[in-house]
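>>> based on what follows, work out the 3D shape:
(one chain, ligands or ions: 2)
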Amino acid sequence: MQNVKLILTDIEGTTSSISFVKDVLFPYAAEHLPAFVKANLSDEKVQTALQQTAELAAEDGNVINVDDTDALVAKLLQWISEDRKATPLKALQGLIWKTGYENGDYQAHMYPDATEYLKKWRDSGLPLYVYSSGSVKAQELFFGYSQDGNLLPLFKGHFDTLMGGKRETRSYLNILAELQKTHTGLNAADVLFLSDIKEELDAAKEAGMQTIWLVREDEIPADAEHKAVKSFAEI
Ligand SMILES: CSCCC(=O)C(=O)COP(=O)(O)O
Ligand SMILES: [Mg+2]
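Residues are numbered from 1 along each chain as shown. Ligands and ions are numbered 1, 2, ... in the order given. Take a look at the predicted model:
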């Protein structure tokens with residue numbers, strides 16, 4: 001880790017297992033989404049998410065009336081099953097997961113090395129930020145209710161798909177511009193981005209950031225274009 005002044009990390013597959021997100025969080029959201037939407041139809045955040053769902057579906061060529069709650073819910077359930085990183089879905093998931101965390105139905109998974117090194121890096125003075133497809137609300141819940149306790153104070157800030165998609169270079173430039181408001185003189189090359197997805201690392205590298213690929217389960221490819229490690233201890 002050379003000349004790194006700030007670390008930006010992904011969550012799923014990087015600090016935490018893919019299985020926790022896919023096998024616990026997504027099914028919980030799918031189970032509770034229909035009742036949650038119907039019970040909270042007058043909530044401004046829910047209304048905004050439904051409006052955006054209709055707009056996004058229309059962009060896909062699937063016109064749904066914004067008053068057709070059942071059709072919008074069906075579309076959102078389809079997106080959960082496809083793991084679509086759609087901003088309105090992510091906003092609703094964050095709201096739904098809150099109840100599960102607060103009831104103690106689950107705690108967010110953390111790889112032990114991720115918790116250990118995030119704490120070490122924070123203690124050494126490195127500012128830590130998160131960039132995930134999960135909404136900022138969902139990220140705060142995730143680290144606030146982790147199996148290793150409340151890890152939220154480790155992070156200086158959070159970014160989600162409001163910055164853009166994680167496979168787009170523009171998103172990392174948007175994040176850099178946000179970071180520069182607090183960290184004067186910060187350059188892209190001062191930022192280390194950690195992720196398990198090559199296309200996300202490619203986009204961050206294109207924006208000028210340093211990258212490290214977390215290869216948690218598979219063999220590290222011999223021809224990896226990014227420095228690849230199996231755990232935060234190797235960073
Ligand atoms: C923040 S908790 C749920 C994560 C999530 O919804 C997701 O889609 C995972 O995205 P990531 O960018 O962390 O791989
Ligand atoms: Mg990931």
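>>> use CA for all of it now, contacts and neighbours both
Will do.
>>> and the helix or strand encompassing Glu199, what's buried?
Here Glu199 is covered by helix 198-206, with elements defined by DSSP states H and E. Residues of helix 198-206 classed as buried by neighbour count (16 or more other Cα atoms under 10 Å): Lys198, Glu200, Leu201, Asp202, Ala203, Ala204, Lys205, Glu206.
>>> show residues contacting it.
166-169, 172, 193-195, 210-213, 226 (Cα atoms under 8 Å, 6 or more residues apart in numbering).
>>> leaving out chain neighbours, which residue sits closest to the residue in the chain that ligand 2 sits nearest to?
Ranked by Cα to the ion, the top residue of the chain for proximity to ligand 2 is Glu12, at 4.0 Å. Nearest residue to Glu12, sequence neighbours excluded (Cα to Cα, 6 or more residues apart in numbering): Ile18, at 5.2 Å.
>>> and the pLDDT at that neighbour?
With respect to pLDDT, Ile18 scores 96.
>>> now do Ala222
For Ala222, the predicted pLDDT is 78.
>>> again with Ala30
Note on Ala30: pLDDT of 98.
>>> which SS state does it fall under?
Following DSSP: H, G, I helix; E, B strand; the rest coil, Ala30 is assigned to helix.
>>> show me the contacts for it.
Ala30 touches Leu77, Ile80, counting by Cα under 8 Å, 6+ apart.
>>> returning to that earlier point: what's around the residue nearest to Glu12, how many residues?
The burial count assigned to Ile18 is 16, neighbours taken as other Cα atoms under 10 Å.
>>> could you do Glu168 as well?
So Glu168, with other Cα under 10 Å, has 18 neighbours.
>>> ramachandran coordinates for the residue nearest to Glu12?
Main-chain dihedrals, Ile18, degrees, to the nearest 10: phi -60, psi -40.
>>> kindly report the same for Lys75.
The phi/psi pair for Lys75 (degrees, to the nearest 10) is phi -60, psi -40.
>>> with the one 5 residues further on instead?
Here the main-chain torsion angles of Ile80 (degrees, to the nearest 10) amount to phi -60, psi -50.
>>> read off the pLDDT value for it.
For Ile80, pLDDT reads 97.
>>> repeat that for Phe159.
Confidence at Phe159, expressed as pLDDT, is 98.
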